[in-house]
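S.K.: Here's my sequence, what's the structure:
(2 chains)
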Amino acid sequence: MLKFIKKKAAQSESAEKKSPLDIFDFSGENAISVKDVDLYYGEFQALKKINMQMPKHKITAMIGPSGCGKSTLIKTLNRMNDLVEGCRVEGEIAIGGVNIYDKSVDLSALRKNVGMVFQKPNPFPMSVYDNIAYGPRTFGIRKKSTLDEIVERSLKQAAMWEELKDRLNKSALGLSGGQQQRLCIARALAVGPQILLMDEPTSALDPISTGKIEELCEELKKDVTIVMVTHNMQQAARISDKTAFFLLGEMIEMGDTEQVFSAPKHPETERYITGRFG
Amino acid sequence: MQTENVVKQKKRGAPNAGKVRNTMAKYLFFVCAAMSVIAVFGIIGYILYAGIPAFRDIGFFKFIFGTNWSHDAGVYGILPMIVSTIVVTLGAILVGGTVGVFTAIFLVFWCPDKFHLRYNGNNKFLQKTVACINKINLRAVFDQVIKLLAGIPSVIFGYFGIAFIVSAFAGADVYGIGKGALSSALVLAIMIIPTVTSLSKNALEAVPQQYYEGALAMGNTKAQAVFRVVFPAARSGVISALILGIGRAVGETMAVNMVSGGRVYFPDGLFTPIRTLTTNIALEFADASRGSTLFAALFATGFVLLVIVLIINLSVNLVPKEFKGKRGNKVLHGAREEVVYEKKGLIPEILKYVAMVFAALIVVILAALILFILIQGIPNLKWDFLFGESSHQHPSLMPSFIATLYTILITLAIALPVGIGAAIYLVEYAKPGSKVVKVLRTFVDTLSGVPSIVFGLFGNLLFVSLFGYSVWAGSFTMVLVVLPTIIRSTEEALIAVPVSLREASYGLGASKIRTIFKIVLPSAFPGIATATILAIGRIIGESAALIYTSGMLITTAGAAANPGNMAPTLTVFLYMCWAEPTNYLGYDQAYATAVVLLIIAALLNLCVYLIERRVKKKR
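M.R.: Have a look, this model is predicted:
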């Protein structure tokens, strides 16, 4: 009898370790690889034959003038573009070895593994605690002590545990803009993503909050792969490992950040980073 | 440029004349706005005044907590009616509120814009039909369905209830009539659905898109995002919608009167015949002579009803607008535990289907209602009945057409200038957010929550004393009924006029009054036109406020041509077919009248739709 219970426990434990949502294999060198991707909004082609690799545990920055397709691309990485009517993607985007535009891919599983932080902070109108616990709760975690742990861990990961631990029950809408954005990062981290997409995460923030988020990104790199769209050239130069330059729906150049900023291969890249257009 | 201005001013008299005119206009508009305050105090005061003899003679506690009401025995206790009102309202909000809220969710999130039917055969006719169906804008159609449901006179719901609900229950019930608590609750449920649906829809649409996207980006399915983030974010608006639905249910008279059974019993069973506060007034008022205890007791009933409705409607203001955080402080001591994420969330998926089923249910109900009325009514639509000479043996609709037209014209002639003036004061003159505005708005909202039977009581007391039972008395009563709608809608239309237009006008040296009349009002015209049409719909659909003011009487077209005489509007005529049937007046005439009313309601809806579409196109 006792044996049976032990066996059962062992079974459930081994079953516990593998979540049914972890369908991706991140053992390879690149977290994301984009192959020959074309994207259309109706008739308009927004992305043209994009090819790029984003290495694991690195920050990849995407730069370029407005309307160049960088935000479009970042939204295809977690398929938020599915919301846009008439949007069509061709080519292959492999994340953790899985083509995410394959029909068999579960959207929930994809977005659990590929978190997103938006341009404008968008905390839910709930308490700080409920914001963070929201993701885990939708993925079936109900146990109070487990949720408590996740909330604490996520807030510590986002370096805001100390400022928020006494106001977990307060509305998240009462936080400052910078705090809200870091809360959104913590919220995204709470479901244990492997990749974090950031779409101009600091464009709505003041310089001090921006600095804090940049610091945070450097810290988070240990655990997650970060892809960031930014309009701020210095930001890209400061924190990213790889930089990709986009122009009119095409990727002009991608390389190590240092190389792109010091010795760009393409004249258009040079003109953009030296501020002659864009 | 300057000289030109000077010339203009000189032409119009001294510069001071303009100032005086502006100041006078301002006070005039203020008086218009203050009318709603006067009306609310007038109604409450007058009704209390007329009810006081009842409280004095019967005794306050005996009246409120008395369990029996019999005019013949001279016993007046309204406790069973209070309890019935509460029970029936709760039933209605439980059913109608749920259906309404879920329908709103369906409309905002799952209602497809278009049909996506496919047909690959060769039949040309079928190909064309499918192409035609695919062109229909489903969302717009659904919107119109809800609006049409809101525009149907409540008496028609009474007939619908008698035909479908009462007859279905007649077998199940020991009293054998099918009228009672459950029938009333269900009819009310259908009637409050449009209120709850359209207000909930507004609340859901106001939730920022970012919340929805944020939830999706966290791996939520659409249903999870809708039911766990967007819907909770719209909570305060949905609660307000439900409260206003409750207010509507408590105040509804005519339809309930037709399906409740009218007995003064406690609602101890689903099929027990009951009497609510409103129907008590409608049923007994005809027997009450001025100055009698019954007369006073009915006004006292009206006062109790008024107090209940006002409390319900004012409690909307207590709903917190946004989440402020919970009380207390959270102390965490989470243990290290293995975390396993699973794909869960069956409940939101089920709720999604619930929303679809309820939305379909509404379409079925409306289709049943319209088909039923058309099938029963069209065979009875004869030229003689519509436009023939009216008499006791051959009642026709001609007098009612005339009476309805007069009521609309007189009511609008007073209500439109006053309502628009009040809106101008609120938007153009009063400081936005100031105390005056807040107080005035509260009174406008209060007035809009007053049950129409209470307007009827007030109209009987004041306007019937002044003009006698007449179309005049009915129309003056209707002014109070439609005034809040006109003020509110005009206000919205004025607010929507961009500030830059006003600034441009002032920049050219125009006075405030000129800016208002030449720039602001013309820009707001479509909104004001919509408000007018809605008011017309309300006047045509009203019955409770009219039966004891312009009266229930079969009359002739000649007599109806003088608004100093009694004459029933179309809806009152429809009610008479049920309330005072004769050998010559009954269900046949009722259904024919209902067809006419349905057509008018549909036409008014069409007008509003066309105006709104035109405005949208221009933008």
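
S.K.: where in chain A is pLDDT low?
M.R.: Within chain A, the segments meeting pLDDT under 70 span A:1-18, A:276-278.

S.K.: Just the buried residues of the helix or strand encompassing B:Leu606, please?
M.R.: Here B:Leu606, judged by DSSP states H and E, is contained in helix B:587-618. Neighbour-count burial for helix B:587-618, with 16 or more other Cβ atoms under 10 Å in any protein chain shown as criterion, is recorded at B:587, B:589-598, B:600-601, B:604-605, B:607-608, B:611, B:615. Every residue, glycine included, has its C-beta placed from N, CA and C.

S.K.: Report the mean confidence score over it.
M.R.: Summarised as a single mean, pLDDT over helix B:587-618 is 89.

S.K.: swap in stretch B:537-548?
M.R.: Stretch B:537-548 shows a mean pLDDT of 93 in the predicted model.

S.K.: now do the same end-to-end measure for it.
M.R.: The first and final residues of stretch B:537-548 sit 20 Å from each other (Cα to Cα, to the nearest Å).

S.K.: And the strand or helix carrying B:Gly377, what does it pack against?
M.R.: Mapping B:Gly377 onto the secondary structure by DSSP H and E places it in helix B:346-377. Helices and strands touching helix B:346-377, as assessed by 3 or more Cβ pairs under 8 Å, 6 or more residues apart in numbering or on different chains; DSSP states H and E, comprise helix B:98-105, helix B:138-151, helix B:154-160, helix B:181-205, helix B:222-225, helix B:587-618.

S.K.: Same question for the fourth one: list its buried residues.
M.R.: It stands for helix B:181-205. Within helix B:181-205, the residues that qualify as buried by neighbour count (16+ other Cβ under 10 Å) are B:181-204.

S.K.: Other residues contacting stretch B:474-482?
M.R.: Around stretch B:474-482, the neighbours that count as contacts under Cβ atoms under 8 Å, 6 or more residues apart in numbering or on different chains are B:39, B:43, B:406-407, B:410-412, B:414-415, B:418-419, B:447, B:450, B:452, B:455-456, B:458-459, B:463, B:467, B:535, B:538-539, B:542, B:545-546, B:549-551, B:563, B:569.

S.K.: what does the stretch 501-619 of chain B put close to chain A?
M.R.: Proximity of the stretch 501-619 of chain B to chain A is not found for any residue under the rule Cβ under 8 Å from any Cβ of the partner chain.

S.K.: how close does the one residue in the stretch 501-619 of chain B that gets nearest to chain A sit to B:Glu542?
M.R.: As assessed by Cβ to the nearest Cβ, chain A sits closest to B:Lys616 within the stretch 501-619 of chain B, at 19.0 Å. In this structure, B:Lys616 and B:Glu542 are 30 Å apart, going by Cβ to Cβ, to the nearest Å.

S.K.: mind listing the strands in chain A by residue range?
M.R.: If you assign secondary structure with DSSP state E, the strands in chain A sit at A:30-41, A:44-55, A:59-63, A:87-95, A:98-99, A:114-117, A:195-199, A:225-229, A:242-247, A:250-256.

S.K.: Neighbouring strands - and their directions - for the shortest one?
M.R.: Partner strands for strand A:98-99, per DSSP bridges, with pairing direction: strand A:87-95 (antiparallel).

S.K.: and the helix holding B:Gly377 with helix B:587-618, angle?
M.R.: For the pair helix B:346-377 and helix B:587-618, the angle between their directions (axes from the mean of the first three to the mean of the last three Cα atoms, to 10 degrees) equals 130 degrees.

S.K.: For helix B:346-377, buried residues please.
M.R.: Residues of helix B:346-377 classed as buried: B:348, B:351-352, B:355-356, B:358-359, B:362, B:365-366, B:369-370, B:372-374, B:376-377 (neighbour count, 16+ other Cβ under 10 Å).

S.K.: Then stretch B:307-324?
M.R.: By 16+ other Cβ under 10 Å, the buried positions in stretch B:307-324 come out as B:Ile308, B:Val309, B:Leu310, B:Ile312, B:Asn313, B:Val316, B:Phe323.

S.K.: what's the burial count for the residue of the stretch 51-200 of chain A found nearest chain B?
M.R.: Checking the stretch 51-200 of chain A residue by residue against chain B with Cβ to the nearest Cβ singles out A:Glu149 as nearest, at 2.9 Å. Other residues near A:Glu149 number 20, with proximity taken as other Cβ atoms under 10 Å in any protein chain shown.

S.K.: what's the answer for B:Phe65, then?
M.R.: Residues contacting B:Phe65 under the criterion other Cβ under 10 Å number 12.

S.K.: didn't A:Asp206 look like it was pressed against A:Ser176?
M.R.: No - in this structure, A:Asp206 sits apart from A:Ser176 without contact. The criterion is Cβ atoms under 8 Å, and the distance is 9.0 Å.

S.K.: tell me the average confidence for stretch B:373-381?
M.R.: Per-residue pLDDT values across stretch B:373-381 average out to 92.

S.K.: low pLDDT regions in chain B?
M.R.: Those would be B:1-18, B:173-176, B:328-337, B:619, if you go by pLDDT under 70 across chain B.

S.K.: That one: strands as residue ranges?
M.R.: If you assign secondary structure with DSSP E, the strands in chain B sit at B:69-70, B:75-76.

S.K.: Check those for me and report the most buried one.
M.R.: strand B:75-76 (a mean of 20; mean count of other Cβ atoms under 10 Å in any protein chain shown).

S.K.: Sheet-wise, list the partners of it with their directions.
M.R.: In the sheet containing strand B:75-76, the strands it pairs with under DSSP bridges are strand B:69-70 (antiparallel).

S.K.: Cool, thanks, signing off.
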